[in-house]
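Visitor: what shape does this take:
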Amino acid sequence: MRREQETDLIGRARGGDTAAFGEIVRRYQNLVYATAFQVLKDSGLAEDVAQEAFIAAYRSLGDLRKDSSFPPWLRKITRNLALAARRERGRFGALEEAATPQSPAADAAPDIEREEHDADAFGEEVSRIVSSLSDTLRFPVLLCYLGGLSTADAARFLGIKEGTLRKRLHDGKKKLQGQIVRMAEKAFQEYRLPHDFAKRCICGCRRSEAARKRKDGRG
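Guide: Numbering: from 1, shown residues only. Below you'll find the model as predicted:
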(Lines give C-alpha, C1' and ligand atoms only; values in the text may rest on other atoms or scores of the structure.)
Protein backbone atom coordinates (compact mmCIF):
# COMPACT_ATOMS: atom_id res chain seq x y z
CA MET A 1 0.00 0.00 0.00
CA ARG A 2 1.63 3.28 -1.07
CA ARG A 3 1.43 6.11 1.43
CA GLU A 4 0.29 8.57 -1.25
CA GLN A 5 -2.77 6.43 -2.04
CA GLU A 6 -3.70 6.08 1.61
CA THR A 7 -3.17 9.79 2.25
CA ASP A 8 -5.50 10.57 -0.64
CA LEU A 9 -8.18 8.24 0.73
CA ILE A 10 -7.90 9.75 4.20
CA GLY A 11 -8.17 13.26 2.78
CA ARG A 12 -11.31 12.36 0.84
CA ALA A 13 -12.80 10.57 3.85
CA ARG A 14 -12.10 13.60 6.01
CA GLY A 15 -14.18 15.58 3.53
CA GLY A 16 -17.13 13.22 4.01
CA ASP A 17 -16.45 10.69 1.25
CA THR A 18 -17.72 7.48 2.85
CA ALA A 19 -16.78 5.43 -0.22
CA ALA A 20 -13.14 6.40 0.27
CA PHE A 21 -13.40 5.48 3.93
CA GLY A 22 -14.95 2.17 2.89
CA GLU A 23 -11.75 1.37 1.00
CA ILE A 24 -9.78 2.15 4.16
CA VAL A 25 -12.06 -0.22 6.09
CA ARG A 26 -11.43 -3.01 3.59
CA ARG A 27 -7.68 -2.51 3.85
CA TYR A 28 -7.57 -2.53 7.63
CA GLN A 29 -10.58 -4.57 8.74
CA ASN A 30 -8.71 -7.82 9.40
CA LEU A 31 -5.98 -6.05 11.36
CA VAL A 32 -8.53 -4.15 13.43
CA TYR A 33 -10.54 -7.29 14.06
CA ALA A 34 -7.41 -9.21 15.09
CA THR A 35 -6.48 -6.41 17.51
CA ALA A 36 -9.92 -6.54 19.13
CA PHE A 37 -9.98 -10.34 19.22
CA GLN A 38 -6.58 -10.47 20.91
CA VAL A 39 -8.01 -8.45 23.81
CA LEU A 40 -11.50 -9.96 23.98
CA LYS A 41 -11.03 -13.60 22.88
CA ASP A 42 -14.63 -13.48 21.60
CA SER A 43 -15.31 -13.37 17.85
CA GLY A 44 -18.76 -11.74 18.04
CA LEU A 45 -17.72 -9.05 20.49
CA ALA A 46 -14.51 -8.42 18.55
CA GLU A 47 -16.53 -7.86 15.37
CA ASP A 48 -18.77 -5.33 17.17
CA VAL A 49 -15.75 -3.50 18.56
CA ALA A 50 -14.05 -3.47 15.13
CA GLN A 51 -17.11 -1.82 13.57
CA GLU A 52 -17.31 0.65 16.45
CA ALA A 53 -13.60 1.45 16.01
CA PHE A 54 -14.00 2.34 12.33
CA ILE A 55 -17.01 4.55 13.05
CA ALA A 56 -15.10 6.27 15.86
CA ALA A 57 -12.12 6.78 13.55
CA TYR A 58 -14.34 8.27 10.84
CA ARG A 59 -15.81 10.72 13.32
CA SER A 60 -12.38 11.72 14.58
CA LEU A 61 -10.44 12.00 11.32
CA GLY A 62 -10.22 15.74 11.91
CA ASP A 63 -8.16 15.03 15.03
CA LEU A 64 -5.56 12.99 13.11
CA ARG A 65 -2.51 15.27 12.95
CA LYS A 66 -0.47 13.28 10.43
CA ASP A 67 -2.09 11.05 7.84
CA SER A 68 1.01 8.83 7.91
CA SER A 69 0.18 8.03 11.56
CA PHE A 70 -3.21 6.57 10.65
CA PRO A 71 -2.36 2.85 11.28
CA PRO A 72 -1.08 3.22 14.87
CA TRP A 73 -3.81 5.78 15.56
CA LEU A 74 -6.48 3.32 14.40
CA ARG A 75 -4.86 0.51 16.38
CA LYS A 76 -4.94 2.66 19.53
CA ILE A 77 -8.63 3.45 19.04
CA THR A 78 -9.39 -0.24 18.57
CA ARG A 79 -7.42 -1.35 21.60
CA ASN A 80 -9.00 1.29 23.85
CA LEU A 81 -12.50 0.28 22.75
CA ALA A 82 -11.68 -3.41 23.21
CA LEU A 83 -10.33 -2.82 26.71
CA ALA A 84 -13.45 -0.82 27.57
CA ALA A 85 -15.64 -3.64 26.24
CA ARG A 86 -13.71 -6.17 28.29
CA ARG A 87 -14.16 -4.10 31.45
CA GLU A 88 -17.85 -3.72 30.70
CA ARG A 89 -18.21 -7.44 30.14
CA GLY A 90 -16.45 -8.04 33.46
CA ARG A 91 -18.83 -5.71 35.30
CA PHE A 92 -21.85 -7.31 33.64
CA GLY A 93 -20.58 -10.77 34.54
CA ALA A 94 -20.05 -9.71 38.12
CA LEU A 95 -23.62 -8.37 38.32
CA GLU A 96 -25.00 -11.62 36.91
CA GLU A 97 -22.97 -13.64 39.36
CA ALA A 98 -24.20 -11.52 42.27
CA ALA A 99 -27.81 -11.91 41.13
CA THR A 100 -27.63 -15.71 40.78
CA PRO A 101 -25.15 -17.17 43.27
CA GLN A 102 -23.64 -20.49 42.29
CA SER A 103 -21.20 -22.84 43.91
CA PRO A 104 -17.69 -22.76 42.38
CA ALA A 105 -18.11 -26.30 41.11
CA ALA A 106 -21.43 -25.51 39.41
CA ASP A 107 -20.03 -22.30 37.92
CA ALA A 108 -16.98 -24.08 36.48
CA ALA A 109 -18.86 -27.12 35.18
CA PRO A 110 -19.97 -25.64 31.79
CA ASP A 111 -16.41 -24.49 31.00
CA ILE A 112 -14.98 -27.88 31.96
CA GLU A 113 -17.57 -29.72 29.88
CA ARG A 114 -16.91 -27.46 26.89
CA GLU A 115 -13.14 -27.99 27.16
CA GLU A 116 -13.61 -31.76 27.41
CA HIS A 117 -15.94 -31.75 24.40
CA ASP A 118 -13.47 -29.69 22.36
CA ALA A 119 -10.61 -32.00 23.33
CA ASP A 120 -12.66 -35.08 22.38
CA ALA A 121 -13.65 -33.53 19.05
CA PHE A 122 -10.03 -32.63 18.28
CA GLY A 123 -8.86 -36.14 19.19
CA GLU A 124 -11.49 -37.70 16.96
CA GLU A 125 -10.50 -35.47 14.05
CA VAL A 126 -6.80 -36.27 14.48
CA SER A 127 -7.64 -40.01 14.61
CA ARG A 128 -9.65 -39.64 11.41
CA ILE A 129 -6.74 -37.90 9.71
CA VAL A 130 -4.26 -40.58 10.81
CA SER A 131 -6.65 -43.30 9.62
CA SER A 132 -6.84 -41.63 6.20
CA LEU A 133 -3.16 -42.43 5.57
CA SER A 134 -2.29 -45.50 3.53
CA ASP A 135 -1.17 -48.59 5.47
CA THR A 136 2.36 -48.03 4.20
CA LEU A 137 2.53 -44.59 5.84
CA ARG A 138 0.17 -45.12 8.78
CA PHE A 139 2.01 -48.03 10.45
CA PRO A 140 5.35 -46.19 10.77
CA VAL A 141 3.55 -43.14 12.19
CA LEU A 142 1.64 -45.22 14.72
CA LEU A 143 4.68 -47.22 15.78
CA CYS A 144 7.11 -44.31 16.15
CA TYR A 145 4.90 -41.37 17.20
CA LEU A 146 2.20 -43.15 19.17
CA GLY A 147 3.96 -46.37 20.14
CA GLY A 148 7.23 -44.65 21.00
CA LEU A 149 9.42 -47.12 19.11
CA SER A 150 12.76 -46.08 17.69
CA THR A 151 13.05 -46.05 13.92
CA ALA A 152 15.41 -49.05 14.13
CA ASP A 153 12.95 -51.11 16.20
CA ALA A 154 10.00 -50.07 14.03
CA ALA A 155 11.92 -51.01 10.88
CA ARG A 156 12.77 -54.44 12.30
CA PHE A 157 9.13 -54.93 13.34
CA LEU A 158 7.92 -54.15 9.82
CA GLY A 159 10.70 -56.07 8.13
CA ILE A 160 12.01 -53.10 6.16
CA LYS A 161 15.22 -51.10 6.06
CA GLU A 162 15.51 -48.23 8.55
CA GLY A 163 16.13 -45.78 5.71
CA THR A 164 12.87 -46.89 4.07
CA LEU A 165 11.01 -46.42 7.34
CA ARG A 166 12.47 -42.94 7.80
CA LYS A 167 11.31 -42.01 4.30
CA ARG A 168 7.79 -43.28 5.05
CA LEU A 169 7.77 -41.38 8.35
CA HIS A 170 8.76 -38.21 6.53
CA ASP A 171 6.05 -38.66 3.89
CA GLY A 172 3.41 -39.54 6.50
CA LYS A 173 4.27 -36.54 8.66
CA LYS A 174 4.14 -34.25 5.64
CA LYS A 175 0.66 -35.48 4.71
CA LEU A 176 -0.52 -35.20 8.32
CA GLN A 177 0.75 -31.65 8.57
CA GLY A 178 -1.07 -30.66 5.40
CA GLN A 179 -4.37 -32.12 6.59
CA ILE A 180 -4.06 -30.66 10.09
CA VAL A 181 -3.32 -27.23 8.61
CA ARG A 182 -6.46 -27.54 6.47
CA MET A 183 -8.41 -28.58 9.59
CA ALA A 184 -7.12 -25.47 11.39
CA GLU A 185 -8.01 -23.26 8.41
CA LYS A 186 -11.54 -24.68 8.44
CA ALA A 187 -11.83 -24.04 12.18
CA PHE A 188 -10.65 -20.44 11.76
CA GLN A 189 -13.35 -19.77 9.15
CA GLU A 190 -15.78 -19.07 11.98
CA TYR A 191 -13.55 -16.24 13.21
CA ARG A 192 -13.48 -14.40 9.88
CA LEU A 193 -15.36 -11.17 9.35
CA PRO A 194 -18.55 -11.33 7.23
CA HIS A 195 -18.32 -10.20 3.60
CA ASP A 196 -20.51 -7.14 4.22
CA PHE A 197 -18.47 -5.85 7.17
CA ALA A 198 -17.09 -2.81 5.30
CA LYS A 199 -20.57 -1.98 3.98
CA ARG A 200 -21.99 -2.04 7.51
CA CYS A 201 -19.19 0.25 8.69
CA ILE A 202 -19.95 2.71 5.88
CA CYS A 203 -23.64 2.69 6.83
CA GLY A 204 -22.69 3.39 10.43
CA CYS A 205 -20.46 6.27 9.34
CA ARG A 206 -23.27 7.76 7.24
CA ARG A 207 -25.72 7.53 10.12
CA SER A 208 -23.17 9.17 12.37
CA GLU A 209 -22.63 11.97 9.86
CA ALA A 210 -26.38 12.53 9.46
CA ALA A 211 -26.84 12.67 13.23
CA ARG A 212 -24.03 15.20 13.56
CA LYS A 213 -25.57 17.43 10.86
CA ARG A 214 -28.95 17.30 12.55
CA LYS A 215 -27.35 18.25 15.84
CA ASP A 216 -25.62 21.19 14.16
CA GLY A 217 -28.91 22.25 12.59
CA ARG A 218 -27.75 21.59 9.05
CA GLY A 219 -29.82 18.47 8.34
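Visitor: CA only for contacts and neighbour counts going forward, please
Guide: Noted.
Visitor: just give me how far the top helix by length along the chain sits from the chain centre.
Guide: For the chain, the longest helix by residue count, based on DSSP state H, is helix 70-99. Centroid displacement of helix 70-99 relative to its chain, using CA atoms, centre = their mean, to the nearest Å, is 17 Å.
Visitor: kindly report the same for stretch 193-212.
Guide: Centre-to-centre, stretch 193-212 and its host chain are 21 Å apart (CA atoms, centre = their mean).
Visitor: also stretch 41-53?
Guide: Centroid separation for stretch 41-53 versus its chain: 10 Å, with CA atoms, centre = their mean.
Visitor: ranges for the strands of the protein?
Guide: Counting by DSSP state E, no segments of the chain form strands.
Visitor: residue farthest from the centroid of it?
Guide: Distance from the C-alpha centroid of the chain, by CA atoms, centre = their mean, peaks at residue 159 (46.6 Å).
Visitor: and it, what pLDDT?
Guide: Model confidence at residue 159, given as pLDDT, is 86.
Visitor: that one: what's it in contact with?
Guide: By CA atoms under 8 Å, 6 or more residues apart in numbering, residue 159 lies in contact with nothing.
Visitor: do residue 9 as well
Guide: By CA under 8 Å, 6+ apart, the residues touching residue 9 are 20, 21, 23, 24.
Visitor: most neighbours among the residues you listed, which one is it?
Guide: residue 21 (26 neighbours; other CA atoms under 10 Å).
Visitor: how much space separates it from residue 72?
Guide: As judged by CA to CA, to the nearest Å, residue 21 and residue 72 stand 17 Å apart.
Visitor: all helices of the protein, in order?
Guide: 3-14, 18-40, 43-59, 70-99, 104-131, 135-141, 151-158, 162-188, 197-215.
Visitor: which stretch in those is the model least sure about?
Guide: Lowest mean pLDDT within these: helix 104-131, at a mean of 62.
Visitor: can I see the domain layout of this structure?
Guide: 3-101, 104-188 (automatic domain parsing).
Visitor: right, and those - which one's nearest residue 204?
Guide: domain 3-101 (6.4 Å; CA to CA).
Visitor: work out the gap between the closest one and the centre of the chain.
Guide: The answer for domain 3-101 is 15 Å, by CA atoms, centre = their mean.
Visitor: what residues are up against residue 157?
Guide: Residue 157 makes contact with no residue, according to CA under 8 Å, 6+ apart.
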